[in-house]
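Colleague: Okay, sequence plus prediction incoming.
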Amino acid sequence: MNNRVLVFALVLLTALYISTAVNVINAQMEATPTIEIQGPIGGWQEVKPWRPWTIVAGRERFTIEIYITWPKDAKTNLTWLEIWADAKGEPISNDTNATFQPYQGALPTILIYDEHGNLITEKALSGEKFTSWLSISEEPFRTDVAYFNITAAMENVSCSIKPGWRVELAYVLSAPGEDAIPQGKNDITIRLRFWIRFGSKKAGIQFVGYRDFRVIRPPIMRLYIVIGLAVGVFVGLQALGYLGFFKFYTDTDLITIALIGALQTVWVQIIGRQFVFPILDRIPFSYNFAVGDFPYILLLIIAIAIVRKPGAASLALFVYNIISEIGWYGINPLWWAYPFAQGLPVDLYLLVRGRAIFTNKLSFFKITIPEEEFVKIREFPGLRFIDGLIVGFLRGFFMQLSLFQIFYPCLFRIEYWWEYVFWWLVIPWAIGNSIEAAISVPIAERVEKAIVFA
């Protein structure tokens, strides 16, 4: 009799266990995780976002991120979750066989957040049993994939995914070279696919969907045009000097420009990047409005105020660029047009204002004017500060314009989201530089007078 009761109890408990497990699986299957795919992702994504779904050919590495959220109204925790993310893709046109490639220098990673945005995992989980690169020839994949075993990640932190929790997955790919784009075309499209299994190990693998990525050529012609314009305009300014339109640079002018360019390098590379910028960048909008640029702009205004000749701005910025390349970045002649792209608009304004730059004198295109005539010129109150505003705005605007439209796409192979960057970085940066330059004008006057007096 006792044995019959024991057997009956075991059968009943087993039935209850199976029923509970089935109910949990059914409840998990009733809820569906929301999946969001973002890419490419780069550094400082909040401030300088890359253009969505657009890659410049030849980019060595870029990141794809997948965000999975278990609904807040789900009735149970999510106990099983796997993701397979396409790591090669396939071209959607027949005139190319270009694909992406897994970047072997970095494994896919997993992060888990609770409903309040707090990180559950102490660090990004990768390797071993959590993530891996797989080459799968069977259906439904038939491609190289980034595999994410979120179940193992949950076991590692002794929990399951609760309603409202979010899983963040990331993997890094390399773009095909420019030669993968057929002649006569400026871009190609590569499609990445994604699969998921959730709720149970025995659940079927579901096709989530796909994302099309546009691979574009770098705008190298823009770079050649800027190099040509920089050389042509700068040579033209020097020709005006030789023709007597303004006194050509003296040895003192060149020494002044070199010293100020060196001081700009000390501020940015040694003091700023090591001590000041990391603190300033924590302040909202400090980076957008170039607050850390103030000493740099002050030195540029001092160089212009002392030399007062077209070309002074470009040469000072060029000295800074060359010293920075020698000491920190490595020599790259393609970057040498960059200081002229931001400096020559300023120098052209110096040509317009002539000797009267940073003064209140209403004088234009007069660089070699006798002192007795110069003092008789009518003044406009505050004009020297307007000069500072214009010089700072020109430098900041053309600096960022050339960076995001020419040098970053061509040399770093990054296509930034221009419509966003223009209003949230280019314009604020130009405004910040203009205010800094206006503030610098009276300081530069004092420095100039001190040098003349000495």
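Modeller: Here it is on my side, so go on. Numbering: from 1, shown residues only.

Colleague: This structure - how does it break down into domains?
Modeller: Annotated domains of the chain cover 33-216, 220-453 [automatic domain parsing].

Colleague: Could you say which helix or strand holds residue 111?
Modeller: Taking DSSP states H and E as the criterion, residue 111 maps to strand 109-113.

Colleague: Let me see the residues that make contact with that strand.
Modeller: 119-121, 124-126, 130-131, 148, 150, 153-154, 157, 161, 165-171 (Cβ atoms under 8 Å, 6 or more residues apart in numbering). For the C-beta atoms, the positions are set from N, CA and C on the backbone; glycine is no exception.

Colleague: For stretch 356-373, buried residues please.
Modeller: For stretch 356-373, burial by neighbour count (16 or more other Cβ atoms under 10 Å) applies to 356-361, 363, 366-367.

Colleague: Oops, could you answer that again for stretch 96-103 instead?
Modeller: In terms of neighbour count (16+ other Cβ under 10 Å), stretch 96-103 has its buried residues at 96, 98-100, 102-103.

Colleague: Spell out, range by range, the helices that occur in this structure.
Modeller: Assigned by DSSP state H, the chain shows helices spanning 2-30, 150-156, 220-242, 251-265, 277-280, 294-307, 312-324, 337-353, 371-374, 383-402, 418-421, 427-453.

Colleague: Indicate which one of the ones you listed is closest to residue 49.
Modeller: Residue 49 lies closest, by Cβ to Cβ, to one member of the helices of the chain: helix 418-421, at 5.8 Å.

Colleague: List the buried residues in that closest one.
Modeller: Quick answer for helix 418-421 (16+ other Cβ under 10 Å): residue 421.

Colleague: got a list of contacts for it?
Modeller: 48-49, 51, 400, 404-405.

Colleague: With stretch 423-430 instead?
Modeller: With Cβ under 8 Å, 6+ apart as the test, stretch 423-430 has contacts from 47-48, 285, 288-290, 293, 392-394, 396-397, 399-401, 404.

Colleague: do that again at 6 Å, thanks
Modeller: 288-290, 393, 396-397, 400 (Cβ atoms under 6 Å, 6 or more residues apart in numbering).

Colleague: Would you point out the most distant pair within those residues?
Modeller: It's 288 and 393 that sit farthest apart of the contacts of stretch 423-430, by Cβ to Cβ, at 15.0 Å.

Colleague: quick one: which of those two has more around it?
Modeller: residue 393 (23 against 16; other Cβ atoms under 10 Å).

Colleague: what residues are up against the more buried one?
Modeller: 430, 434.

Colleague: Compute the distance between it and residue 297, please.
Modeller: Using Cβ to Cβ, to the nearest Å, residue 393 is found at 11 Å from residue 297.

Colleague: Residue 101 now?
Modeller: In terms of Cβ to Cβ, residue 101 sits 43 Å off from residue 297.

Colleague: now swap in residue 63 and tell me
Modeller: 34 Å.

Colleague: between those two, who's got more neighbours?
Modeller: residue 297 (25 against 19).

Colleague: ok, and the closest non-adjacent residue to that one?
Modeller: Nearest non-adjacent residue to residue 297, counting by Cβ to Cβ, 6 or more residues apart in numbering: residue 436, 4.2 Å away.

Colleague: Tell me how far that neighbour lies from residue 389.
Modeller: 10 Å.

Colleague: Check residue 188 too.
Modeller: For residue 188, the distance to residue 389 equals 45 Å [Cβ to Cβ].

Colleague: Who has more neighbours out of those two?
Modeller: residue 188 (21 against 18).

Colleague: which intervals of the stretch 151-300 of the chain have sub-threshold pLDDT?
Modeller: For the stretch 151-300 of the chain, applying pLDDT under 70 flags the ranges 245-246.

Colleague: got the contact list for the residue positioned nearest the centre of the chain?
Modeller: In the chain, the residue lying closest to the centroid (Cα atoms, centre = their mean) is residue 48, at 4.2 Å. Applying Cβ under 6 Å, 6+ apart to residue 48 gives the contacts residue 416.

Colleague: before we move on, what about the one 10 residues further on?
Modeller: The contact partners of residue 58, by Cβ under 6 Å, 6+ apart, come to 177-178, 413.
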